[in-house]
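Engineer: would you be able to build a 3D model of this:
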Amino acid sequence: ENADKYSDRLFVASIKRWPITSLHPFGILVSELGEINDPNTEIDSILRDSNFLSNEYLDPKDPKKEKSTYQPFPIDENNWNKRTRFDENYNIVGFTERGPVSEFAIHIKSNSDGTIELGCHIVDVTEQIDANSSLDKRARKRSTGVFMPQKVVNLLPQALNDALTFQTNKENATISIIYTLDIETLKLKSTWIGETIVTPTKIVDLSAIDSVSNGPQNIFYNKLEEIATSFYRERINLPDAKLAPVLSLFESLDDEKVKVDLNIFDRSYGYIILNEIQRKVNCTVAEKIYSKLGDIAFLRRQPEPIVIKMATFKKKVQHFGFDIDITSPDTIIKSILEISDDDTRKGVEILLFKTLSRAKYFVAGKVEPDQYGHFALNLAMYTHFTQPLRRYADHVVHRQLKSVLNNVPYTDDINSLKITAEYCNFKKDCAYQAQEQAIHLLLCKTINDMGNATGQLFTMATVLQVYESSFDVFIPEFGIEKRVHGDQLPLIK
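Structural biologist: The predicted model follows:
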């Protein structure tokens with residue numbers, strides 16, 4: 001009845017059963033999302049389709065608001081007093097990439113003994129969220145934030161983000177990793193990890209660091225760039241490497257973008273610098289918890305690609321006139337970075353991307369030690385630690401590290417950690433899928449608007465592969481690669 005009334009409405013349905021004798025399933029309508037052509041409805045449908053209901057923190061009495069009961073747990077006085085303090089004298093800078101949320105801060109200090117101190121400070125979220133509390137369980141259920149050009153779904157309630165994020169001249173409970181480096185060679189001399197209190201002197205957007213490459217000189221940002229470059233060279237085993245260009249698609253196999261725009265290849269220089277330093281911190285923490293906790297360490301790995309796939313990739317790239325050394329991750333990265341033309345390099349990167357699978361969380365005792373490595377990042381051991389306001393996996397690692405620092409037993413058993421790792425992997429893939437669909441939606445609207453404005457749209461594209469009845473093209477302007485089917489083209493036979 002009244003079918004026409006609902007022809008332009010979008011609904012969420014749930015399949016309850018599908019008997020083998022029936023052509024169609026039996027189910028129920030769960031809820032109405034809204035009008036089909038409404039942009040908000042489109043985004044909500046992408047989130048629902050990707051297993052993000054986004055209702056974990058909403059007030060049942062007023063579904064448009066979050067429950068006011070979700071607040072950070074106060075830190076007791078003894079815990080506060082035992083922490084090492086880094087005050088205003090350290091000139092600590094908090095960084096943000098997504099509006100007011102800042103969870104990672106840095107200070108750089110020159111010492112009198114010919115060394116330099118790099119302090120990396122991460123908000124101590126788990127000290128203010130009780131393990132297995134209602135809030136912790138809901139954060140685990142959401143598992144990760146979702147970042148789309150049109151909308152952001154945060155991991156934690158807004159009240160917690162506001163309370164926990166770094167703010168200028170406000171004391172924050174943190175976990176800090178302090179690196180002591182040689183002032184000339186920037187080689188690592190020592191590492192200290194501990195629970196701390198920091199007071200940032202300012203909060204800056206990552207775009208501020210972009211000026212390092214093309215604007216007025218800034219001593220702090222320049223030194224940050226030097227240290228990040230040193231870490232990068234060590235990681236990919238290439239002594240004269242520069243931070244840019246970066247293989248952004250290759251690296252997205254580990255983590256999706258936070259500041260999302262139309263072109264998936266675009267990365268700001270500030271993001272590249274900070275990301276390299278965060279990788280160093282993640283690697284340090286992974287080694288620390290594994291050395292102390294062994295089989296129950298919560299880590300992240302990316303398996304090596306299948307040999308046949310890599311051989312096929314090498315052969316395809318040879319058709320472009322380039323020879324890729326596929327011996328190891330660092331030789332692959334070096335070979336691709338030697339390609340001077342941006343569009344060709346991105347095309348090769350796309351072909352490499354297709355041979356690899358996404359990184360996964362795992363528990364050390366459930367995987368053979370020779371499988372611990374992270375292929376895309378060329379690291380023997382890795383985890384996620386530096387972004388606890390957007391990933392629940394970081395909460396697990398924070399609790400493990402704090403059990404090591406305080407020399408107390410870690411209570412979660414290996415099987416429950418395995419379940420958590422598998423669930424975090426599932427939700428991480430869902431978040432990536434949602435981001436991909438949202439970018440595709442933005443792309444469709446952008447191309448449609450450009451076409452309507454001019455009547456037609458011309459752009460350059462590179463053909464990557466040719467098949468019997470189709471071919472793959474890469475469009476650098478939009479950073480997309482799609483398959484074109486010959487029988488779908490408006491051609492006269």
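
Engineer: drop to CA atoms for contacts and neighbour counts, all remaining ones
Structural biologist: Noted.

Engineer: okay, now the unreliable bits of this protein?
Structural biologist: Within the chain, the segments meeting pLDDT under 70 span 1, 211-217, 493.

Engineer: test my guess that L351 contacts F313.
Structural biologist: Yes. Using Cα atoms under 8 Å, L351 is in contact with F313, at 6.6 Å.

Engineer: and the helices in the protein?
Structural biologist: Using DSSP state H, the helices of the chain run over 39-49, 77-82, 134-142, 158-164, 211-214, 219-236, 248-251, 269-293, 307-318, 329-337, 342-353, 392-405, 414-454.

Engineer: shouldn't A421 be in contact with K366?
Structural biologist: No. Contact criterion Cα under 8 Å: A421 and K366 do not qualify, at 10.8 Å.

Engineer: my read: I273 touches N222, true?
Structural biologist: No. The pair I273 and N222 fails to qualify as a contact (Cα under 8 Å) at a distance of 10.3 Å.

Engineer: more crowded one of these two?
Structural biologist: Under the criterion of other Cα atoms under 10 Å, the comparison of I273 against N222 puts I273 first, with 24 against 15.

Engineer: ok, now which ones touch that one?
Structural biologist: Applying Cα atoms under 8 Å, 6 or more residues apart in numbering to I273 gives the contacts 224-225, 228-229, 243.

Engineer: ok, Q387 next?
Structural biologist: 103-104, 122, 394.

Engineer: try 7 Å this time
Structural biologist: By Cα atoms under 7 Å, 6 or more residues apart in numbering, the residues touching Q387 are 103, 394.

Engineer: next, give phi and psi for it.
Structural biologist: phi -130, psi 70 (degrees, to the nearest 10).

Engineer: gap between it and P25?
Structural biologist: According to Cα to Cα, to the nearest Å, Q387 stands 42 Å off from P25.

Engineer: likewise for I46?
Structural biologist: From I46 to P25 the distance is 22 Å (Cα to Cα).

Engineer: now do K292
Structural biologist: Relative to P25, K292 is positioned 52 Å away (Cα to Cα).

Engineer: neighbour-wise, which of the two wins?
Structural biologist: K292 (16 against 12).

Engineer: show me the contacts for the more buried one.
Structural biologist: By Cα under 7 Å, 6+ apart, the contact set of K292 is V404.

Engineer: so who does the nearest residue to G119 once chain neighbours are set aside touch?
Structural biologist: In this structure, G119 finds its nearest non-sequential neighbour in I178, 4.4 Å apart by Cα to Cα, 6 or more residues apart in numbering. Applying Cα under 7 Å, 6+ apart, we find I178 in contact with 117-120, 191-193.

Engineer: now for F265: which residues touch it?
Structural biologist: 248-249, 479.

Engineer: same thing but at 10 Å, please
Structural biologist: Counting by Cα atoms under 10 Å, 6 or more residues apart in numbering, F265 makes contact with 246-250, 252, 346, 476, 478-480.

Engineer: how much space between it and E436?
Structural biologist: Distance, F265 to E436, by Cα to Cα: 13 Å.

Engineer: and if you look at F147?
Structural biologist: F147 sits 10 Å away from E436, going by Cα to Cα.

Engineer: so these two - more neighbours on which side?
Structural biologist: Neighbour totals were compared for F147 and E436, and F147 leads with 23 against 17 (other Cα under 10 Å).

Engineer: so for the more buried one, what's the nearest residue that isn't a sequence neighbour?
Structural biologist: Using Cα to Cα, 6+ apart, the closest residue to F147 is V258 (5.7 Å).

Engineer: from the contacts of F265, which is closest to G451?
Structural biologist: Of all these, F478 has the smallest distance to G451: 14.2 Å, by Cα to Cα.

Engineer: pull the contacting residues for the nearest residue to the closest one once chain neighbours are set aside.
Structural biologist: Excluding the flanking residues, the one nearest F478 by Cα to Cα, 6+ apart is N263, at 5.3 Å. By Cα under 10 Å, 6+ apart, the residues touching N263 are 439, 443, 476-480.

Engineer: from these, which land in strands?
Structural biologist: I480 (DSSP state E).

Engineer: filter the contacts of N263 to the buried ones?
Structural biologist: The neighbour count (16 or more other Cα atoms under 10 Å) marks 439, 443, 476, 478-480 as buried among the contacts of N263.

Engineer: in CSV: the residues you listed, plus distance to V30.
Structural biologist: Below are the buried ones among the contacts of N263 laid out as CSV (distance: Cα to Cα, whole Å):
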residue, distance to V30
I439, 27
L443, 30
P476, 41
F478, 37
G479, 37
I480, 35
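
Engineer: which residue lies nearest the spatial centre of this protein?
Structural biologist: For the chain, the residue nearest the mean C-alpha position is D255 (3.1 Å; Cα atoms, centre = their mean).

Engineer: so that one sits right up against Q435, yeah?
Structural biologist: No. Taking contacts as Cα atoms under 10 Å, D255 lies outside contact range of Q435: 11.5 Å.

Engineer: what's the overlap in contacts for these two?
Structural biologist: Contact criterion Cα under 10 Å, 6+ apart; residues shared by D255 and Q435: D429.

Engineer: hmm, back to that, using CSV, lay out the contacts of I273 together with distance to A461.
Structural biologist: Shown next, in CSV, are these (distance: Cα to Cα, whole Å):
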residue, distance to A461
L224, 37
E225, 34
A228, 34
T229, 32
L243, 27
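
Engineer: closest one to I332 out of those, please.
Structural biologist: Nearest member of the contacts of I273 to I332, counting by Cα to Cα, is L243, at 16.1 Å.

Engineer: excluding its backbone neighbours, what's nearest that closest one?
Structural biologist: In space, L243 is closest to T229, 5.9 Å off (Cα to Cα, 6+ apart).

Engineer: correct me, but T191 touches K280?
Structural biologist: No. Counting by Cα under 10 Å, K280 is not a contact partner of T191; they are 11.4 Å apart.

Engineer: mind checking how far S470 is from D325?
Structural biologist: According to Cα to Cα, S470 stands 29 Å off from D325.

Engineer: show me where the stretch 51-200 of the chain has its strands.
Structural biologist: For the stretch 51-200 of the chain, the strands defined by DSSP state E, counting those that start in this stretch cover 58-59, 62-66, 84-86, 93-96, 104-110, 115-123, 146-147, 152-153, 172-182, 188-198.

Engineer: I figured V12 was touching E32, is that so?
Structural biologist: Yes. Under the criterion of Cα under 10 Å, V12 makes contact with E32 at 6.1 Å.

Engineer: just to revisit the earlier point, and the residue nearest to the centre of the chain, what does it touch?
Structural biologist: Residues counted as contacts of D255 (Cα under 10 Å, 6+ apart) are 358-359, 384, 428-429, 432.

Engineer: do the same with I75
Structural biologist: Taking Cα under 10 Å, 6+ apart as the test, what I75 contacts is 127-129, 173.

Engineer: next, give phi and psi for it.
Structural biologist: Residue torsions, per degrees, to the nearest 10, at I75 are phi -80, psi 130.

Engineer: coming back round to it: neighbours of the residue nearest to F147, just the number please.
Structural biologist: 17.

Engineer: from R391, how far out is it?
Structural biologist: Using Cα to Cα, we find V258 at a distance of 12 Å from R391.

Engineer: anything in contact with each of I273 and N222?
Structural biologist: Joint contacts of I273 and N222 (Cα under 10 Å, 6+ apart) are 209, 228.

Engineer: the residue nearest to S102 when sequence neighbours are not counted pairs with what?
Structural biologist: Excluding the flanking residues, the one nearest S102 by Cα to Cα, 6+ apart is T96, at 4.6 Å. Beta-bridge partners of T96, counted by DSSP bridges, are D205.

Engineer: now for V258 and R391: what residues contact both?
Structural biologist: With Cα under 10 Å, 6+ apart as the test, V258 and R391 both reach 145-146.
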